[in-house]
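Peer 1: here is my input, please return the structure:
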Amino acid sequence: MTRTFKDLQLTELGGRDRGGGRVSSAIDISSNLEDVRLLDSYEDVNNDNNDHSVGNSRKGKEKGGVTRIQVRVTGMTCAACSNSVEIALMSLNGVVSASVALLQNKADVAFDPNLVEEDDIKNAIEDAGFDAEILQEHGGKPHGTLVGQFIIGGMTCAACVNSIEGILRKLHGVKKAVVALTTSLGEVEYDPSIISKDEIINAIEDAGFEASLAQSSGQDRMMFLITGILDQLDENTLDGILGNLKGVKQFDFNKMTSEVDVLFDSEVLSPRDLVDAIHEESGGDFEVHVKNPHERMITQNLEESSHMLHHFLFSLSLGIPIFALRFICPHIPFLNYLLLSWIGPFQFGDWLRVIMCSLIQFIVGKRFYVAGFRALRRGATNMDVLVALGTSAAYFYSIYALLYGAVTGFWSMTYFETSPMLITFVLFGKYLETVAKGKTSDAIKKLVELAPSTALLLILDKGGNVIGEREIDSLLIQLGDILKIVPGSKIPVDGYVVSGSSYVNESMVTGESTPCFKETNSSVIGGTINLHGSLHVQATKIGSDTVLSQIISLVETAQMSKAPIQKFADFAASIFVPTVVSLSMLTFIMWYFSGIFGAYPEDWLPENGSYFEFSLMFSISVVVVACPCALGLATPTAVMVATGVGANYGVLIKGGDALERAQKIRYVVFDKTGTLTQNKAAVTTVKVFTDMDRGEFLTLVASAEVNSEHPLSKAICDYARRFHFFEDPTVIEESQAKIVNDKMTGWLLDTSEFHAIPGRGLECCIDGKQILVGNRGLLIENGVIIPTDVEDFMVDLEENAKTGILVACDSKLIGVVGVADPLKREAAIVVEGLFKMGVRSIMVTGDNWRTARAVAKETGIQDVRAEVMPAGKAEVIRSFQKDGSIVAMVGDGINDSPALAAADVGMAIGAGTDIAIEAADFVLMKNNLEDVITAIDLSRKTFARIRINYVFAMAYNIVCIPLSAGILFPWFRFKLPPWVAGACMALSSVTVVCSSLLLRRYRKPRLTTILEITLE
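Peer 2: Residues are numbered from 1 along each chain as shown. Here you go, the predicted model:
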């Protein structure tokens, strides 16, 4: 298929084709340049109002010299906090607009840089009582950069990883590069306007490895599988369809795989429109399927295993006869006579050995030569260099011995069996290693399999009525699509129910085993299973925005990350091969010259052997027995298995560094509300201290609290509504209560001048009267006197682990509302379990001291910090870190985000939201405190396994290298033949991987075992 090019101007806007791929032409391109500018303007306007998603920060110039930035704001707990920040920002001279997103903890500010600076914006937020941080573009990534994942084949050890990372980081336009040996993936952040993905692939391939793009962060690039292309005419047809399709910028068709990589303008053309256009324009001859990038990586792993097995079997089929020619055939008279017969200058057996050994050495062993040569060319060394050196020495010495015998008549022993057996064992070890490494990624495979491959799309008319349905790839679902979910099928994306009711099994995502009832307006999660009824679901999150995709991304990121302990292996790998080669040369020199000078007797030499040959075998054994792979695999394989095991238990781990810190945790700081308690606050007591009617009092309090987003406010409003309308809270479902609440707000009074005071309460005006609802501090600050009988009543509430909320009207205290949030049933036993594990528990809360102490008494926590503001929790964390202790923070990931960030290990519990994933190192998907113990125990077991791996890898090399050098030969006549040394080397890395795989047998600890409880 020939390349076609767009108009030059549009190519400049959309990016250049630097990698040799096709750049398509568009219909009526000159008339659509204005449309492109309009889309750009639309994007700017849209971002002004809506673009506040986590991790998607923007900074750029707007019309009139206005600059846009995003600021992370921590310490906000409710809508009043976000309003305070907006007011503070808008009061600055030069700020054009300010929008604060509470849940994302971010402020989007447009300002004139000539009048106000970024530091002024930051200071204004801090003066308002919150912490502020100016976010860099795209979460720290320069504007316009992409993050691409590349599948890299041919890596064997940590030296290969270091080499590829070094090459990638030197490329102009590459900002960051991380390579993972266990997953065979490289993650590269690059500027597509400077360097293309093809140039990155070429750089990797020039280094001696195989490379292909797995996926990119660019939303406008997708891989499609085209079926129905049979000949060149079909290829030309596809080229014409894509070349004339408006919105397609670039495409590249691979004949071998029938895959086409398409770069398109997502504002002009959606993926579904692209698929439909190809199908329709081809007259239905071409069927188009979206290639899931995760499935492509899994397929690549299977292909690598299959390729390695094919080479191993070929090598084995020739290696066994060569081995038999040396050790078996001489004992069979007929075969021995046949092999000793002369054909020209050599015996028949020698001809057979040379032919079969050469096939293995230069066909199967070609991969070692190519990879080793490229490594040396770039100034690096790896395992391929060792294998190539060892096999070449044995092969070429044997060839030399044959030629020397043919010329001089003095026949020395040959070692043709050494090279084939060594290559065979190495390939066998690599095959087992590939299979074992594939098993370490089982967690990713299981998560990918949760999402269905297809979905039933409902076709609606203009009136919104269903007129048909259509089966589509689930990757082609668009926002707002209405999907039909039949009983027993999986929900493809996140969304909410528009009609129907059913029970949904969400255990595979959240870990909760009890099916959840879903009805109209209920939210659903992609990957969960609809059990009974039929549902119509509207898609609200698709692609990488779904909960399941975020979990997969989190696990992948964790498996890509390096634990700090891995630095040791990287350093060892960088000096390992030169050290081994030096030891090998030293071994040869010592044995050779010791023999020349008579340091050992000639009867040590093999029959017809020489000192050179005798020394060479020891030298070759040293080269091939040394294994850098075992060191390089010790940490990443264990971390990879652990992150997968954790995901199966609902414990999402962000990376190896988090795992390494978690095993050293000394203190665990718990937030109270929603962490130790069930976050199901309920009003237990209402007492009025004036002649005001109880119903009137509740109406007044509810009218004030309805404007607040605090959990206690919701509890008070629910209680007041039920009091007025005689509703039984045990009968009304949560969703029904929401509907009833929406319909029955007419009884509430109008409020004005509402202000929420973080850590205190709220104030507002109702019918011209000042209303205060909050704690003692709020009332005392406003001059309200708290009578003794009210104080006694408050003390009684607090000593019973209840929160007392004071209500004042026009500076006079009128009543108290008692609210209780029951403890989680496992809280006390988890605290005791942590104590048994040597971890001390601390509770930090913004509640008063008496309530905090009462809750701490119930849970068994000895150390309590009460009346702490959200920002103050981070200071509590730092106070425990002063002596170098590792401190973990367990919270809900929203108002606890400053503390989660300050802690050495942040654990967001019962979340699975964007905020939790952003702030914490561990995300505990289930709302169960037992997972805190699971996280710590898993990290300890993982690093115990890593230490075992390192001990084995180090001990193997420390023991085997001297043995191969012949250190025991003078006393016991023991030596390792090169082919045996090669077998040991191959099995060493397999042993390390299998050791890591033992973590798959991990079972979360039983509290009865930790607490040493005996059940009768």
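Peer 1: pretty sure Leu749 contacts Thr699?
Peer 2: Yes: between Leu749 and Thr699 a contact is recorded at 6.5 Å, counting by C-beta atoms under 8 Å. Where C-beta positions appear, they are placed from N, C-alpha and C, glycine not excepted.
Peer 1: so between these two, which is more surrounded?
Peer 2: For Leu749 versus Thr699, the count of surrounding residues by other C-beta atoms under 10 Å is larger for Thr699: 19 against 15.
Peer 1: how about the helices in the stretch 301-450 of the chain?
Peer 2: Remark: helices assigned in the stretch 301-450 of the chain by DSSP state H, counting those that start in this stretch are 333-340, 348-359, 366-377, 383-408, 418-440, 442-450.
Peer 1: which parts of the stretch 501-650 of the chain are helices?
Peer 2: If you assign secondary structure with DSSP H, counting those that start in this stretch, the helices in the stretch 501-650 of the chain sit at 507-510, 547-560, 566-596, 611-625, 628-648.
Peer 1: and the ones you listed: which comes nearest Gly982?
Peer 2: helix 611-625 (4.6 Å; C-beta to C-beta).
Peer 1: which stretches of the stretch 201-350 of the chain have low pLDDT?
Peer 2: The stretch 201-350 of the chain contains residues with pLDDT under 70 at 215-220, 266-267, 293-301.
Peer 1: show me where it has strands.
Peer 2: Counting by DSSP state E, counting those that start in this stretch, the stretch 201-350 of the chain forms strands over residues 210-216, 221-227, 248-254, 259-264, 287-290, 342-343, 346-347, given from the N-terminal end onward.
Peer 1: ok, the stretch 851-1000 of the chain next?
Peer 2: Secondary structure of the stretch 851-1000 of the chain, counting by DSSP E, counting those that start in this stretch: strands at 863-865, 886-891, 905-909, 922-924.
Peer 1: returning to that earlier point: so which of the strands of the stretch 201-350 of the chain is nearest Leu823?
Peer 2: Between Leu823 and the strands of the stretch 201-350 of the chain, the shortest gap by C-beta to C-beta is with strand 210-216, which sits at 44.4 Å.
Peer 1: can you name every helix or strand that the closest one contacts?
Peer 2: Judged by 3 or more C-beta pairs under 8 Å, 6 or more residues apart in numbering; DSSP states H and E, the packing partners of strand 210-216 are strand 146-153, helix 197-206, helix 293-327.
Peer 1: can I get the ones you listed in JSON lines including mean neighbour count?
Peer 2: Compiled in JSON lines, the helices and strands packed on strand 210-216 are given as follows (neighbours: other C-beta atoms under 10 Å):
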{"stretch": "strand 146-153", "mean neighbour count": "20"}
{"stretch": "helix 197-206", "mean neighbour count": "19"}
{"stretch": "helix 293-327", "mean neighbour count": "17"}
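Peer 1: before we move on, the earlier item: deepest in the core, which of the helices of the stretch 501-650 of the chain is it.
Peer 2: Most buried of these by mean neighbour count (mean count of other C-beta atoms under 10 Å) is helix 628-648; its value is a mean of 28.
Peer 1: relative to helix 383-408, how tilted is that one?
Peer 2: Between the direction of helix 628-648 and that of helix 383-408, the angle (axes from the mean of the first three to the mean of the last three C-alpha atoms, to 10 degrees) works out to 150 degrees.
Peer 1: what would the helices of the stretch 301-450 of the chain look like in a markdown table with mean neighbour count and distance to Ser258?
Peer 2: Written out in a markdown table, the entries for the helices of the stretch 301-450 of the chain read as follows (neighbours: other C-beta atoms under 10 Å; distance: least, C-beta to C-beta, whole Å):
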| stretch | mean neighbour count | distance to Ser258 |
| --- | --- | --- |
| helix 333-340 | 12 | 50 |
| helix 348-359 | 19 | 33 |
| helix 366-377 | 18 | 27 |
| helix 383-408 | 21 | 33 |
| helix 418-440 | 25 | 25 |
| helix 442-450 | 18 | 22 |
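Peer 1: let me have the ones you listed in TSV, extended by distance to Lys249.
Peer 2: Below are the helices of the stretch 301-450 of the chain laid out as TSV (distance: least, C-beta to C-beta, whole Å):
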stretch	distance to Lys249
helix 333-340	66
helix 348-359	48
helix 366-377	33
helix 383-408	39
helix 418-440	35
helix 442-450	28
